[in-house]
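Peer 1: Fold the following and give me the result.
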Amino acid sequence: LEHAQLDSDDEEECPDMNWQPPPKQRFGSRGGSRGSDILSMLVSIYGSKDLFVSEYRLMLADKLLNNLEYDTDKEVHTLELLKLRFGEQSMRQCEIMIKDIDDSKRIISNIHTTMQTEHNVQPPVDAAIVSHIFWPALQKEDIKHHERIQSELDKFGAEYGKLKNPRRLLWLGQLGTVQLDLEVVEEGPQGPAMETREFNCSPLLATLILYFEDRDEWTASDLSNETGIQEHLVVKRMTYWVNQHVVRQHRGDFGASTRYVLATLDHWNERNVLNISSDEGPEGQVVSLGAQEEEEMEIYESYIVGMLTNLGQLPLERIHNMLKTFVTGSDHKYGKTPQQLSSFLQNLCKQDKLECGPDGMYKLVKK
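Peer 2: Below you'll find the predicted structure:
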C-alpha cells in the first residue's frame, strides 16, 4: 500500500446526466432502401422484372377471386407501391383486374336492388365479373348445374344483360363458392339427432347434393349423367358428403355403380357399418387412388398451361417451385417430386401439348 500509485480510474466522478448513446449506424443512403432491396432481391430470384410481374398477377388473381367481400383496399395500396417501382404500364393488367372487382361490387348492388324492387325477392347470387383478356387463364371445365342453381344464374344473367346490353355473362361453372344449409346426423349426448349445419362448398359439391332434393337415392352413374362429370370423379366428390353425414354410401358389387342414399336417423347404425365395410378390399382402394391421381394431374396440367401461357417457357425446376407455391391453396395439395413432375411433363410432350427444347425449357406447342 505504501508504494501504490493513484490511477485516474480510481477518481470518483459524478455521472454525466446528459449522456446520450451513440447514434445507430445506418446502412444505405435512404430510409426506404430496405423495401427496395427486397424487391430487387425478388426480381433477381424470378430472373427478370416481367417474370416477377407475371407471378404477382397470378397471385393477385387467386386472391381477388377468393375475396367474397369485394374489399380491394389492401390490393390497391400494394399496387400503387409496385407501380412506383415497375411503372404504370407494367402493372396495367393488375390495375384492370382490381377495377373489375370494384365494378362487380357496384353492378351486383344495382342488380340486387332491381330484382328486389321488381320481383320482391332477395337474389342469392353474387358474381365476380372479369374482363377475361386481362386475367390469367382460368379453369373452364364444363359442368351442368342443378336446375335450382342454374335458374338463379340465368335470372342474374338476364338482369345483367338488361343493365349492360349488349353484353352477356359467360359463367365459369367450376369456380366460386356456394353456401348451403343442410340437415345432417350428429352424434350428441342423448344419441344421434338431426341438426342443421351451414356449408361453404364448391359449385360441383352443391350441385351433387341438391339432386337429393329430387329423390333420396342416386347412383354415381346417374349423377355422372346429370352433371357431365366422370363417374370416378363423382365418387371422389361424394366422399365429402358421406363424411359430413349428409348421405350414406353403398358400395355395389363388382362392376356395379356406387349407390348413395340420403342419411336419416333410422339408418344411422347401418350407415356406420356400410362405411366400415366399404373401406375393405384392396381392389376398390387401388381404383380410388388411381382416379384421385388422374384428377390431380388434370388440375396440375391446367396450372402448367396457365404458367406457360403467361410466361412463355420455363425450366423443370421453376415449374416445380411454382406448383408448390400456387397449388397449396387449392383442394389438391402439390406434393410431387421433380422426377415425378418430369415424367408428367414428358407425357404431355408425347401428347403434343408441350415441347421441351434442348436447353430443358418447356413451352406450349403452337397450333
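Peer 1: Contacts only, for the closest residue to Thr219 other than its chain neighbours.
Peer 2: Excluding the flanking residues, the one nearest Thr219 by Cβ to Cβ, 6 or more residues apart in numbering is Ser257, at 4.2 Å. C-beta here means a position set from N, CA and C on the backbone, and glycine is covered the same way. Residues near Ser257 by Cβ atoms under 8 Å, 6 or more residues apart in numbering: Thr219, Ala220, Ser221, Asp222, Glu231.
Peer 1: that's a strand at Ser257, yeah?
Peer 2: No: read with DSSP: H, G, I helix; E, B strand; the rest coil, Ser257 is coil and lies in no strand.
Peer 1: re the thing from before, tell me which of the contacts of Ser257 fall in strands.
Peer 2: Thr219 (DSSP state E).
Peer 1: Among the contacts of Ser257, which one lies nearest to Pro123?
Peer 2: The nearest member of those to Pro123, counting by Cβ to Cβ, is Asp222 at 30.5 Å.
Peer 1: Contact partners for the closest one?
Peer 2: The contact partners of Asp222, by Cβ under 8 Å, 6+ apart, come to Ser257.
Peer 1: What's the separation between it and Glu147?
Peer 2: 15 Å (Cβ to Cβ, to the nearest Å).
Peer 1: do the same with Ala206
Peer 2: 12 Å.
Peer 1: So which of these two has more stuff around it?
Peer 2: Set Ala206 next to Glu147 and count neighbours by other Cβ atoms under 10 Å: Ala206 wins out with 21 against 14.
Peer 1: Look up which residues are beta-bridged to the residue nearest to that one when sequence neighbours are not counted.
Peer 2: Nearest residue to Ala206 in three dimensions, chain neighbours excluded: Val178, at 3.7 Å (Cβ to Cβ, 6+ apart). Counting by DSSP bridges, Val178 is bridged to Cys201.
Peer 1: Distance check, Val178 against Leu210.
Peer 2: Val178 is 9 Å from Leu210, by Cβ to Cβ.
Peer 1: Please enumerate the shared neighbours of the two.
Peer 2: Residues touching both Val178 and Leu210 (Cβ under 8 Å, 6+ apart): Ile149.
Peer 1: ok, which stretches of the chain are helices?
Peer 2: In the chain, the helices defined using DSSP state H lie at 33-46, 49-65, 73-86, 92-119, 147-163, 203-210, 220-227, 231-243, 268-278, 282-311, 316-326, 338-350.
Peer 1: if we can go back for a sec, who wins for neighbours among the contacts of Ser257?
Peer 2: Note: the member of the contacts of Ser257 with the most neighbours is Ala220, at 25 neighbours, neighbours being other Cβ under 10 Å.
Peer 1: Could you check the pLDDT of it?
Peer 2: With respect to pLDDT, Ala220 scores 92.
Peer 1: and what of Lys333?
Peer 2: 66.
Peer 1: ditto for Leu262
Peer 2: So, for Leu262, pLDDT stands at 87.
Peer 1: Spit out the contact partners of the residue nearest to Ala206.
Peer 2: By Cβ under 8 Å, 6+ apart, the contact list for Val178 reads Ile149, Asn200, Cys201, Ser202, Pro203, Leu205, Ala206.
Peer 1: burial measure for the fourth one, as a count.
Peer 2: Going back to what we said before, that points to Ser202. 18.
Peer 1: Dihedrals phi and psi, it?
Peer 2: phi -70, psi 160 (degrees, to the nearest 10).
Peer 1: quick one: it from Val234, how far?
Peer 2: Plainly put, Ser202 is 13 Å away from Val234 if you go by Cβ to Cβ.
Peer 1: Look up how far Pro192 lies from the residue lying closest to Glu75 once chain neighbours are set aside.
Peer 2: Counting by Cβ to Cβ, 6+ apart, Glu75 lies nearest to Ile98, which is 5.5 Å off, once chain neighbours are set aside. According to Cβ to Cβ, Ile98 stands 48 Å off from Pro192.
Peer 1: cool, Thr117 as well?
Peer 2: As for Thr117, its distance to Pro192 is 45 Å (criterion: Cβ to Cβ).
Peer 1: If you count surrounding residues, which of the two has more?
Peer 2: Set Thr117 next to Pro192 and count neighbours by other Cβ under 10 Å: Pro192 wins out with 17 against 8.
Peer 1: Could you give the bridge partners of that one?
Peer 2: Going by DSSP bridges, Pro192 forms beta bridges with Glu187.
Peer 1: Dig out what His362 forms beta bridges with.
Peer 2: For residue 362 the amino acid is Tyr, not His. For Tyr362, the beta-bridge partners under DSSP bridges are Leu314, Cys356.
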